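Asker: The sequence and its predicted three-dimensional model are supplied below.
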2 protein chains.
Amino acid sequence: MRNLVVLSKLVLATLLAMSLVACGGSEKTEATAKADKKIEVINWKMVTTWPKNFPGLGTGAEALAKNITKMSGGRLNVKVYAAGELVPPLEVFDAVSRGTAEMGHGASYYWKGKMPAAQFFTTVPFGLTAQELNSWIYYGGGLALWEELYAPFNLVPMLAGNPGVQMGGWFNKEINSLDDFKGLKMRMPGLGGEVLKKVGATPVNLPGSEIFTALQTGAIDATEWVGPYNDLAFGLYKAAKYYYYPGWHEPGSGIEAIFNKDAFNALPEDLQAIVRAAAQQANQDMLNEFTARNNAALITLVNDHNVILKKFPKDLLAALKKASEETLIEVAAQDPKSQKVYDSFRAFLDSVSEWHEVSERAYINARVGG
Amino acid sequence: MRNLVVLSKLVLATLLAMSLVACGGSEKTEATAKADKKIEVINWKMVTTWPKNFPGLGTGAEALAKNITKMSGGRLNVKVYAAGELVPPLEVFDAVSRGTAEMGHGASYYWKGKMPAAQFFTTVPFGLTAQELNSWIYYGGGLALWEELYAPFNLVPMLAGNPGVQMGGWFNKEINSLDDFKGLKMRMPGLGGEVLKKVGATPVNLPGSEIFTALQTGAIDATEWVGPYNDLAFGLYKAAKYYYYPGWHEPGSGIEAIFNKDAFNALPEDLQAIVRAAAQQANQDMLNEFTARNNAALITLVNDHNVILKKFPKDLLAALKKASEETLIEVAAQDPKSQKVYDSFRAFLDSVSEWHEVSERAYINARVGG
């Protein structure tokens, strides 16, 4: 039945094309192409770890899907499912792995239970900024290691977004020294949470949806989230009044797009290239958006919602940095893959930090007269 | 004659498709599509301001062309011409404007003679870093202003690369204070050159090909170029021994791709989207490459070529910053378009600098214990 429909469309298109050609028109090929496109359409599902239309992250996933569809002229249609619509947020990895969806959008550190090494591809405390992470992935050997790590799960990973340097978090008391972190119950997932433990705080792992109530009821004393643009939308200022910087624990979180390997490999070369370019476009686009919108959101938080902006004291940052370095070495020692990824990450971090001493850091300090 | 060939290809393809459909195969549409693609090919020329295969910049233009061709499945083929191959480097703008080539690759500040406002879209002394420039262009209103500025020339501009924060330049004497800049003959184009004048130096404008000899013979005392990765390839260490940072004059130079408006508008929507995504991919890719490769190049310069790495003194940087601010206000006052662009640029710079006080700057200083 389906083949018959296809056949009739092709015949129709060809007859139309032939008649146009007979008239010497150039629309001929367009007509045929359109008919072909109708037949060639590939429909993909993208499952995400984000709530529907979540600013920056969820909307970034939507934009990525739309761009793939647009660039492919409708040959590859991607439909986005928010967290829970098709699968729960933390089942995105498995769903794409087994092909329930062809594509996923989330962050690699969510899968640390499967492989600790995955955490390095999102973000690392006192690690790489967004620009540095992009550079490690695409020119520092990072992508090959990431692909190798995901290959046994039948997955192809790509970077697809970055919110930039995060804020240090929301607190209900002032943090004046390392002592104020002792016993503090703070929501912080991933490597940052491990670091908190080392300095005497109690990391709590909560999904985004539960943070607000936990903070308001005092079940937790503090939480990190993303940055002003997201945090304002999330309403966290209603539950805490001190807003700290810098976000030492997530200096540039790489958002990932993952693809079922069979589905990706089945695409023709042009669609594979389109998917890769769309992911890179999304990657840059999210950072552009957060960079442009964070300051206005921060001003709103401070001026309209009476949030008090504070910087972490130096001794605390120094202790967190020391604890971070110990944590990374411990994570690396857990298995050979983690060690391999850490070694590459570490070498790149050292080199790019050295470079930024004479470029980014020297420049942005000079810009403010520092 | 041509129509007949088209016709026979179409008929052949359709017959093939029909026979495959009859067998229930899915290869049918691919065969038709291939035949169509052969007919629909669009050939574009890209003229550039760079020497052939010039590291980072010229190779970035080549990669952009290849990506467009690949993503379009060969429907849009772009052939790259290095500076002088089709038109001289500084005629790229006019050549694309009149349609001699459909596409160009260079930097907007080369066209300041036509419109001073163009300079803001490349880079500004003490202005935006690469990340900040991307953010202004795509989320701060920059792109609309740039498009408005180029529209009378029948051109569509896009960002297509960025080498990041440049180095401060090559010198044959130490720079210990502002006094050492007095009377200094330094190669520096664009706004940076205007700033040099204000602090008593003599800016010299030389094309890249003449810099080396001028520096070696003493015709100039100093020069800026790009950064270690480029400067090493350029051999500048053979003509000067002091290498200064930070590059206050070019903190993140936006490389531009320009398109003949008629040629761009004639593309179907999917190819327009492909071109836009390819430009954004190229934009990120160049920054990734320079960020990853600059440090190794700098180490080679210092260790193998005995280059002495130095930081500009604070009083000099402060004087240059003051002179830069005066220069920008003067440029803006030249015409209403420049004023409009400057106002947008300035507001964005102030806002994003404020944000980076609590994000990028706070973080990268904390990372080194500062």
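Answerer: Arrived safely, thanks for sending. Numbering: from 1, shown residues only, chains lettered A, B, ... in the order given.

Asker: And stretch A:269-279, what's buried?
Answerer: Across stretch A:269-279, burial judged by 16 or more other Cβ atoms under 10 Å in any protein chain shown covers A:D270, A:L271, A:Q272, A:A273, A:I274, A:V275, A:R276, A:A277, A:A278, A:A279. Quick note: C-beta positions are derived from backbone N, CA and C, even for glycine.

Asker: Correction: the previous question concerned stretch A:328-346.
Answerer: A:L328, A:V331, A:A332, A:K337, A:S338, A:V341, A:Y342, A:S344, A:F345, A:R346.

Asker: for the fifth one, what are its contacts?
Answerer: Taking Cβ atoms under 8 Å, 6 or more residues apart in numbering or on different chains as the contact definition, A:S338 lies against A:M115, A:P116, A:A117, A:F120, A:V331, A:A332.

Asker: List phi and psi for it.
Answerer: phi -60, psi -40 (degrees, to the nearest 10).

Asker: What of A:H249?
Answerer: phi -80, psi -20.

Asker: Would you mind measuring from it to A:G193?
Answerer: Look at A:H249 and A:G193: by Cβ to Cβ, to the nearest Å, they are 8 Å apart.

Asker: neighbour count winner among these two?
Answerer: For A:H249 versus A:G193, neighbours defined as other Cβ atoms under 10 Å in any protein chain shown are more numerous around A:H249 (27 against 20).

Asker: Do I have it right that that one meets A:P125?
Answerer: Yes. Assessed by Cβ atoms under 8 Å, A:H249 is found in contact with A:P125 at 4.8 Å.

Asker: Which neighbours do these two have in common?
Answerer: Counting by Cβ under 8 Å, 6+ apart, the common neighbours of A:H249 and A:P125 are A:L191, A:G192, A:V195, A:L320.

Asker: will you turn the residues you listed into CSV that also has distance to chain B, neighbour count and pLDDT?
Answerer: As requested, these are exported to CSV (distance: Cβ to the nearest Cβ, whole Å; neighbours: other Cβ atoms under 10 Å in any protein chain shown; pLDDT from 0 to 100):
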residue, distance to chain B, neighbour count, pLDDT
A:L191, 15, 25, 94
A:G192, 14, 24, 95
A:V195, 14, 27, 97
A:L320, 9, 25, 97
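
Asker: What segments of chain A are strands?
Answerer: Assigned by DSSP state E, chain A shows strands spanning A:42-48, A:76-81, A:103-106, A:155-161, A:169-171, A:185-187, A:202-204, A:222-223, A:242-245, A:255-260, A:308-311.

Asker: who wins for proximity to B:L64 among these?
Answerer: B:L64 lies closest to strand A:155-161 among the strands of chain A, at 19.1 Å (Cβ to Cβ).

Asker: Show me what the closest one is packed up against.
Answerer: Using 3 or more Cβ pairs under 8 Å, 6 or more residues apart in numbering or on different chains; DSSP states H and E, the elements in contact with strand A:155-161 are helix A:58-71, helix A:92-98, helix A:130-139, helix A:142-150, strand A:255-260, helix A:261-266, helix A:269-305.

Asker: now do 7 Å
Answerer: Packing partners of strand A:155-161 (3 or more Cβ pairs under 7 Å, 6 or more residues apart in numbering or on different chains; DSSP states H and E): helix A:142-150, strand A:255-260, helix A:261-266, helix A:269-305.
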